[in-house]
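In: give me coordinates for this.
(one chain, ligands or ions: 1)
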Amino acid sequence: MKVDFLLKSASVIDETGTFFKGKNLIINKDEIIDVSSEIKNDYDPATVLDCENFIITPGLVNLHTHSPMTLFRGIAEDVSIEDWFNREIWPYEKNMTEDHAYAGALTAIYEMLSYGVTAFADHYMFPEAIIKAVIETGIRCDLAPTLFGLNVSFQDDVQMTVKLIEKYQHKHEGLSLRFGPHSPYTCTPEQLKQVVDVAKEMDVGIHLHVSETRQQVKDSINQYGLTPFQVVANAGGFEVPAIVAHGLWVAPEDRQLLTPSTTIAVSPKTYMKLAMGAGNIWNESKELPLAIGTDGAASSNTLNPLEQARLYGLMGKWLKEEATGQTLKEIWQMIMKGHEALPFKTGKIQAGWKADLVFWDLTHPTTMPLHNPLAALLYSSGKEQAKHVMIAGRWAKYDGKVKMNLENIKHNMLKATKDLLKKGKGSASIRF
Ligand SMILES: [Zn+2]
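Out: Sure thing, here's the model as predicted:
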């Protein structure tokens with residue numbers, strides 16, 4: 001049988017964090033069709049790649065980001081979370097255009113591919129600009145166009161999402177959509193219920209921010225007598241596949257509200273930078289369906305799930321004064337859990353699964369010796385180690401180079417940033 005690739009003699013770390021040596025992977029079109037310890041004669045590969053020096057893993061997933069916010073990287077530093085939103089980010093976003101968002105999204109995709117991200121869950125305005133960037137680059141994206149309940153255009157925005165889902169869902173291999181109500185504090189319970197009802201009708205999920213800060217939980221209890229998770233549950237939000245961003249201040253009683261199709265994306269770098277407190281996720285980590293997101297580049301400056309997972313693990317050990325907790329396998333499984341939250345059939349190195357893979361070169365002195373390959377990967381690796389990245393059987397990065405036009409990306413990003421600064425801040429209709 002003619003096939004596209006034989007990836008010969010690779011080491012593999014699977015989605016559980018288990019390490020295997022001497023695996024031969026057969027890739028044909030967009031799929032892994034065989035994984036075996038011996039080389040079989042049944043296949044006639046067009047390309048044979050000797051992978052003895054590589055550790056192959058499933059692609060990394062960034063389960064919560066705002067891709068166009070790369071344009072705001074570094075624009076709001078050393079400010080309180082209130083000022084970050086109310087005086088910096090939301091006013092700047094007021095003057096953003098489709099072109100800005102496209103330039104920002106391409107920058108984000110370039111960065112994510114360089115780190116080994118093969119799929120991301122995005123939450124932002126200007127969905128058509130993001131979709132364009134996604135389709136052009138071949139990265140997988142699950143997009144939730146942001147819906148602010150307090151905006152006068154809310155009903156129109158819901159209808160726009162409906163139209164986008166009708167237009168794009170199941171039309172492109174690497175693209176899926178869901179509803180993106182911003183949060184229970186920027187949408188009323190009625191608006192949340194309306195969105196969830198439409199999501200049910202259209203058989204899609206939701207993606208929203210819940211219980212990010214202690215104050216949000218307090219305000220919600222004052223206003224509704226309910227935690228933000230309870231508000232979402234009352235709207236039926238956990239009856240559809242739900243990506244919950246952050247959930248940092250999840251309460252023990254919230255846990256029972258979550259369903260098997262709920263995933264919480266955590267972004268520890270943002271929590272540290274915006275001084276959001278320790279929250280409860282580290283105490284609840286064994287019981288909660290946790291995955292890794294990076295949040296936008298304006299709050300976490302990088303879009304690297306490995307770095308966020310590393311911080312999650314280290315903060316857990318530190319906060320709980322327990323060096324045996326938050327093990328390497330646990331934090332690796334959090335990155336991999338993102339695959340389960342997305343509808344792409346990725347995340348396993350097994351026959352029948354999509355060929356979304358990262359080829360890690362850990363032979364450099366900075367990651368050697370490999371006493372513990374998972375430690376080398378999670379604690380010592382960066383984008384240089386992600387040598388090749390394959391999405392759906394195609395190279396997205398090869399030999400250290402992302403397959404995108406870097407000069408164009410930089411040019412458009414700088415042009416968009418200049419234009420945004422020239423326009424300055426507008427007045428935002430919402431408040432954090
Ligand atoms: Zn966010």
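In: any idea how far the helix or strand hosting E340 is from the middle of the chain?
Out: If you go by DSSP states H and E, E340 is part of helix 328-341. Centroid displacement of helix 328-341 relative to its chain, using CA atoms, centre = their mean, to the nearest Å, is 12 Å.
In: parallel or antiparallel, list what pairs with the helix or strand following that helix.
Out: Using DSSP H and E, the next helix or strand after helix 328-341 towards the C-terminus is strand 357-361. The strands beside strand 357-361 in its sheet (DSSP bridges) come out as strand 54-58 (antiparallel), strand 386-391 (antiparallel).
In: that older thread, could you check the angle the helix holding E340 makes with strand 54-58?
Out: 50 degrees (axes from the mean of the first three to the mean of the last three CA atoms, to 10 degrees).
In: now helix 328-341: buried residues?
Out: Of the residues in helix 328-341, those with enough neighbours to count as buried (16 or more other CB atoms under 10 Å) are 328, 330-341. Where C-beta positions appear, they are placed from N, C-alpha and C, glycine not excepted.
In: likewise for stretch 320-330?
Out: For stretch 320-330, by 16+ other CB under 10 Å, it's Q326, L328, E330.
In: what of stretch 9-26?
Out: Buried, per 16+ other CB under 10 Å, within stretch 9-26: S9, A10, S11, V12, I13, D14, E15, G17, K23, N24, L25, I26.
In: of those residues, list those near the ion.
Out: Applying CB under 5 Å from the ion, the subset of those adjacent to the ion is empty.
In: looking at the residues you listed, spot the one nearest the ion.
Out: Minimum distance to the ion across these is 24.8 Å, recorded for E15 (CB to the ion).
In: pretty sure that closest one contacts M336?
Out: Yes: using CB atoms under 8 Å, E15 is in contact with M336, at 4.0 Å.
In: mind listing the shared neighbours of those two?
Out: P58, G347 (CB atoms under 8 Å, 6 or more residues apart in numbering).
In: alpha carbons of stretch 114-131, as PDB, please.
Out: These are the backbone C-alpha positions of stretch 114-131, laid out as PDB (Å, rounded to 0.1, in the frame of the first residue of the first chain):
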ATOM      1  CA  SER A 114       6.500  27.600  16.600                       C
ATOM      2  CA  TYR A 115       5.700  26.200  20.100                       C
ATOM      3  CA  GLY A 116       4.100  23.100  18.800                       C
ATOM      4  CA  VAL A 117       0.400  24.100  19.100                       C
ATOM      5  CA  THR A 118      -1.700  22.200  16.600                       C
ATOM      6  CA  ALA A 119      -5.100  23.300  17.800                       C
ATOM      7  CA  PHE A 120      -6.500  26.300  19.800                       C
ATOM      8  CA  ALA A 121      -9.800  27.500  21.200                       C
ATOM      9  CA  ASP A 122     -10.200  31.200  20.400                       C
ATOM     10  CA  HIS A 123     -12.600  33.700  21.900                       C
ATOM     11  CA  TYR A 124     -12.700  37.100  20.100                       C
ATOM     12  CA  MET A 125     -14.600  39.600  18.000                       C
ATOM     13  CA  PHE A 126     -13.900  39.800  14.200                       C
ATOM     14  CA  PRO A 127     -14.500  36.000  13.600                       C
ATOM     15  CA  GLU A 128     -14.300  36.300   9.800                       C
ATOM     16  CA  ALA A 129     -10.700  37.700  10.100                       C
ATOM     17  CA  ILE A 130      -9.700  34.800  12.400                       C
ATOM     18  CA  ILE A 131     -11.400  32.200  10.200                       C
END
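In: brilliant, that's me finished.
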